[in-house]
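K.L.:
Dropping a prediction and its sequence here:
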Amino acid sequence: MDGPASMLFVMLDDTSSVSNEATPRDVDDATVVVGLVGGNLRRLRERAGLSLRELATRAEVSTSTLSNLESGVGNPGIETLVNISRALNVPFSELVLPHAPEVRVQRAAEGIVVEAAEARFRSRLLLAEGGRSITEVYEATMEPGECYRAEPHLPGVLESIIVIRGCLRVGPLGAATELDPGDRASFAGDQAHTYEALEPGSRAILVLSYR
């Protein structure tokens, strides 16, 4: 190669520091960066459920060093921050970049809507989370009239329904129960089950847990 290989971080034997630029323009720049690191450090430590002493032991730094960093005091070395990020099991960038909480919004008129043809039953998908198990959350509305029969879900599915308005009779065939606002019923969803509105404008939250 014609030149030296580029490196994301250069660690020197003497004390290093982190900033928005290679060299802070003035004291205020450095103060802002240290304050940013301190806020991130406290948030990540508390999220991990660690005390200052526990994190200090894992990161092999002194408790006073961590306390000073969280207070926005001192000049954090890059090697120290790398050790802390490893101890917290987070990327280095989580410590040094501004944190913007992720907020996902679904408006009332948005979402996939499923309507039953044979009954006045309507559900709107609110949330679907994957991973080792899958959870789906629906908003269900129903009007009095015909009883809606739902076919069995996949084996192992747990269904929970929480009534928030009106009154519903829900549950497996032969074991349906009446639910008022605030009531919840849970049952194995891999069997035929029914929903029936007993009052106009009945509304509920339906949760399907796929194991």
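P.N.:
Yep, that arrived. Residues are numbered from 1 along each chain as shown.
K.L.:
my guess is Pro152 contacts Ala192, does it?
P.N.:
Yes: with contact defined as CB atoms under 8 Å, Pro152 counts as touching Ala192 (5.7 Å). Just so you know, the C-beta spots here come from the backbone N, C-alpha and C atoms, and that holds for glycine as well.
K.L.:
Which strand or helix spans Val82?
P.N.:
Using DSSP states H and E, Val82 sits in helix 78-88.
K.L.:
Could you look up the next helix or strand downstream of that helix?
P.N.:
helix 93-96.
K.L.:
Now do the strands in this structure.
P.N.:
Along the chain, counting by DSSP state E, strands occupy 113-115, 121-129, 134-142, 148-150, 158-165, 168-172, 177-179, 184-188, 193-197, 202-210.
K.L.:
With mean pLDDT as extra columns, can I get those strands in a markdown table?
P.N.:
Output for the strands of the chain, formatted as a markdown table (pLDDT from 0 to 100):
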| stretch | mean pLDDT |
| --- | --- |
| strand 113-115 | 80 |
| strand 121-129 | 79 |
| strand 134-142 | 90 |
| strand 148-150 | 90 |
| strand 158-165 | 93 |
| strand 168-172 | 95 |
| strand 177-179 | 95 |
| strand 184-188 | 93 |
| strand 193-197 | 94 |
| strand 202-210 | 92 |
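K.L.:
can you tell which of the ones you listed is closest to Arg107?
P.N.:
strand 121-129 (11.1 Å; CB to CB).
K.L.:
Just the angle for that closest one relative to strand 134-142, thanks.
P.N.:
Calculated by axes from the mean of the first three to the mean of the last three CA atoms, to 10 degrees, strand 121-129 forms an angle of 160 degrees with strand 134-142.
K.L.:
Measure how strand 121-129 sits relative to strand 202-210, angle-wise.
P.N.:
40 degrees.
K.L.:
Which positions within strand 121-129 qualify as buried?
P.N.:
Phe121, Arg122, Ser123, Arg124, Leu125, Leu126 (16 or more other CB atoms under 10 Å).
K.L.:
what's the answer for stretch 78-93, then?
P.N.:
Ile78, Thr80, Leu81, Val82, Ile84, Ser85, Ala87, Leu88, Phe92.
K.L.:
Tell me how far His153 lies from Asn68.
P.N.:
54 Å (CB to CB, to the nearest Å).
K.L.:
Point to the residue nearest the middle of this structure.
P.N.:
Glu102 (9.0 Å; CA atoms, centre = their mean).
K.L.:
That'll do, ta.
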